[in-house]
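K.L.:
show me how the following folds:
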Amino acid sequence: MNKPTLGPWYQHQETIQGADGTCVAGLYGGSEKINANATLIAACPDMLASLREIVTACEAVTIGTDAVAEPLAIALSAIAKAEGKQ
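P.N.:
Modelled structure (predicted):
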């Protein structure tokens, strides 16, 4: 998988742009939907980074703990999907 546009991402009119000005996504629909979708999409790099940190912390502290096994598997699956590995 190619490397994604580096964050932070931000909304510029009806597009989402990376820190370097690269267009990440175009948004279509009513203004409420555009703003809601833009907010969610722009947060993706931060959410992925946070999820990676959470996984690292869980793996270090709770190895073998059944209580986190399923949520950890879900988080790892989400990271793989975001990285184009799934």
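K.L.:
and for residue 38, the neighbour number?
P.N.:
Neighbours of residue 38 under the rule other CB atoms under 10 Å: 20. (Glycine included, C-beta is placed from N, CA and C.)
K.L.:
that's a helix at it, yeah?
P.N.:
Yes: according to DSSP: H, G, I helix; E, B strand; the rest coil, residue 38 belongs to a helix.
K.L.:
go ahead and confirm it touches residue 27.
P.N.:
Yes: counting by CB atoms under 8 Å, residue 38 touches residue 27, with 5.8 Å between them.
K.L.:
distance of residue 20 from residue 10?
P.N.:
11 Å (CB to CB, to the nearest Å).
K.L.:
of those two, who's got more company?
P.N.:
residue 10 (14 against 7).
K.L.:
how about stretch 46-61: buried residues?
P.N.:
48, 55, 58 (16 or more other CB atoms under 10 Å).
K.L.:
quick one: contacts for the first one?
P.N.:
Residues in contact with residue 48 (CB atoms under 8 Å, 6 or more residues apart in numbering) are 79, 82.
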